[in-house]
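Student: Take this sequence and fold it.
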Amino acid sequence: MRIAVASDGDKVSLHFGKCPEYRVFHVEEGKVVKQDTLKNPGHQPGVLPKFLAEHDIDCIIAGGMGPRAEDLFKSYGIKVVTGALGAVDKVVSSYLAGTLVTAGSSCDHIK
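Tutor: Predicted coordinates for the structure are as follows:
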């Protein structure tokens, strides 16, 4: 399993498309075995879901995301988790433990 977290430094980015990078966690048997980083190629409609699907991402975690983007991720079979806040490493640990508490999407352009 590969989990991508929209990140701004060590924090979860409030908007998946405007983050500078995606921290990618490779998970085997419920444990992180490797981490790497994908640079955001740019925020264009429909590009990021395809980009992350091409990198075999199974789940995207972000602070916020619009409904169209969420639908596109789902069409690629990528699980979407929004409303995550805080340190990237802690968010992933909580997700894997099944204890991640989200605050609803914090994307500033969602109406």
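
Student: Helices of this protein, residue ranges please.
Tutor: 47-54, 67-75, 88-97 (DSSP state H).

Student: quick one: buried residues of stretch 36-53?
Tutor: Residues N40, L48, P49, F51, L52, A53 are the ones in stretch 36-53 that count as buried (16 or more other CB atoms under 10 Å). Where C-beta positions appear, they are placed from N, C-alpha and C, glycine not excepted.

Student: lowest-confidence helix or strand of the chain?
Tutor: helix 67-75 (a mean of 92; mean pLDDT, DSSP states H and E).

Student: For it, buried residues please.
Tutor: A69, E70, L72, F73.

Student: and of the residues you listed, the nearest to D58?
Tutor: Nearest to D58 among these: F73, at 10.6 Å, using CB to CB.

Student: Kindly provide the distance from that closest one to A62.
Tutor: 10 Å (CB to CB, to the nearest Å).

Student: same question, F16
Tutor: When F16 is compared with A62 (using CB to CB), they lie 4 Å apart.

Student: go on, R68?
Tutor: 14 Å.

Student: And E70, by the same measure?
Tutor: Here the criterion is CB to CB. By it, E70 lies 10 Å from A62.

Student: Need the residues touching each of these two.
Tutor: Both E70 and A62 are contacted by T82, under the criterion CB atoms under 8 Å, 6 or more residues apart in numbering.

Student: give the contact list for D8.
Tutor: D8 makes contacts with L14, C19, P20, as judged by CB under 8 Å, 6+ apart.

Student: So among those residues, which ones count as buried?
Tutor: L14, C19.

Student: Throw the contacts of D8 into TSV and include distance to S93 and pLDDT, thanks.
Tutor: Converted to TSV, these look like this (distance: CB to CB, whole Å; pLDDT from 0 to 100):
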residue	distance to S93	pLDDT
L14	20	90
C19	19	94
P20	22	96
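
Student: Having no further points to raise, I will conclude here.
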